[in-house]
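> Provided below for reference: sequence and predicted model.
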Amino acid sequence: MASLSVEKVSKSFGRTRVLGDVSFTVDDGEFCVLLGPSGCGNTTLLRIVAGLETASSGEIRIGADRVDPLPPRARDVAFVFQNYALYPHMTVFENLGFALRLQKVPKTEIHERVTEVARLLEIDAQLQHKPQQLSGGQRQRVALGRAIVRRPRLFLFDEPLSNLDATLRASMRVELAKLHERLGATMLYVTHDQAEAMTLGEKIIVLNRGSIQQTGKPSDIYHRPANTFVAGFVGQPRMNLFDGQLDENGTRLKAGGFEVDFSGALSNLGDAHRGLPVTVGIRPEDLVECEPQDAWLSGAADFIEDLGSDRFVHLTCRNLRLVARLPARFKIQRGDTVNLKADFERVHLFHQGQRLDRETAEA
């Protein structure tokens, strides 16, 4: 295996710029996820790493080797596609061993490596079957196996689970995590699915409109979003975001018709935050029911999503629309008034789109 280094990679299609000076590294053996909405450029970036697209500028290194001038076959990477890309006329065994045959690997070694990978992925009973005889999950395992059997330096995944149903996707996420642990392989994985990113990624790179918004561990991305895009994109339901204003003393926050003493939460910001217009972010699970006299927000329940263990309560609080994730034991009907507050330490503040903390406030 080897590390991956992407340095100032840009890509334009005509006058349309898809990627702009993207730089990041993936450590040897690391599982890194590229996460972003449709059209953010993550699949294009993955294809550039694989050599299926040519960058307009920038450099790509796998280990110590610069590979962007090289054709795909010379980069020693394995690409797992969204649509499996299996050969329908070949058996599972033939699909798994196809790349090895092209490399003129001896037949005995092909048999050993294919058998080993088939056992690892628990598809050894299907080796003589053809793709149309397999379930969606089995086809995905064959696609994974075809990559693994090559023993590449780098694995690339382009939304490999998107064609599976919800239950199978959840189980395959677990299998992929286990597979990475066994192989210790370097993996770069593209997805639009936040659950996949949060459960699989050791490191997440959030992209939007061709540029990196934040890089970090899943917990950092979720609990300390760098800007309002990351705050609103990562999380289900999405974070509640609304405009507010800090008073001239920097102690009280006015937002959406409510006013709260924030002096304790803002004590680490110094003086530079006083009087700033801010965007307030509160995750749905951080809103808790309270007595009317303690409430920051009070409003009528417009709609309730009952998930069994939780309830997503959609409310209108004066001129604000927000969602609270409340436990199932919280009994409420549509139209009922809900009183809510939040822990100060779980409230996110942004100024001009960027996270407001000591570093940004004093900059």
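Cool, the structure landed.

> what distance separates stretch 281-288 from the centre of its chain?
Put simply, stretch 281-288 sits 20 Å off its chain's centre (Cα atoms, centre = their mean, to the nearest Å).

> what's the end-to-end length of it?
Counting by Cα to Cα, to the nearest Å, you get 15 Å between the two ends of stretch 281-288.

> buried sites along that stretch?
Across stretch 281-288, burial judged by 16 or more other Cβ atoms under 10 Å covers Gly281, Ile282, Arg283, Pro284, Glu285, Asp286, Leu287, Val288. For glycine as for every other residue, the C-beta is placed from the backbone atoms N, C-alpha and C.

> pLDDT and distance to Ser219 for those residues - can I get that in TSV?
Output for the buried residues of stretch 281-288, formatted as TSV (pLDDT from 0 to 100; distance: Cβ to Cβ, whole Å):
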residue	pLDDT	distance to Ser219
Gly281	92	16
Ile282	93	18
Arg283	96	13
Pro284	96	18
Glu285	95	15
Asp286	95	15
Leu287	94	20
Val288	93	21
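
> can I get those in JSON lines with secondary structure and distance to Phe81?
JSON lines is the format used below for these (DSSP: H, G, I helix; E, B strand; the rest coil; distance: Cβ to Cβ, whole Å):
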{"residue": "Gly281", "secondary structure": "strand", "distance to Phe81": "36"}
{"residue": "Ile282", "secondary structure": "strand", "distance to Phe81": "39"}
{"residue": "Arg283", "secondary structure": "coil", "distance to Phe81": "34"}
{"residue": "Pro284", "secondary structure": "helix", "distance to Phe81": "35"}
{"residue": "Glu285", "secondary structure": "helix", "distance to Phe81": "35"}
{"residue": "Asp286", "secondary structure": "helix", "distance to Phe81": "39"}
{"residue": "Leu287", "secondary structure": "strand", "distance to Phe81": "41"}
{"residue": "Val288", "secondary structure": "strand", "distance to Phe81": "44"}
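
> of these, which is the nearest to Phe350?
When the buried residues of stretch 281-288 are compared for distance to Phe350 (Cβ to Cβ), Gly281 wins out at 6.6 Å.

> enumerate the beta-bridge partners assigned to the closest one.
For Gly281, the beta-bridge partners under DSSP bridges are Leu241, His348.

> residue numbering should commence at 44 henceforth.
Taking 44 as the first residue, the last one we looked at is Gly324.

> pretty sure it sits against Arg389.
No - under the criterion of Cβ atoms under 8 Å, Gly324 makes no contact with Arg389, lying 9.6 Å away.

> returning to that earlier point: dump the buried residues of stretch 324-331 to a markdown table, plus distance to Phe136.
Formatted as a markdown table, the buried residues of stretch 324-331 follow (distance: Cβ to Cβ, whole Å):
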| residue | distance to Phe136 |
| --- | --- |
| Gly324 | 52 |
| Ile325 | 54 |
| Arg326 | 48 |
| Pro327 | 49 |
| Glu328 | 48 |
| Asp329 | 52 |
| Leu330 | 54 |
| Val331 | 56 |
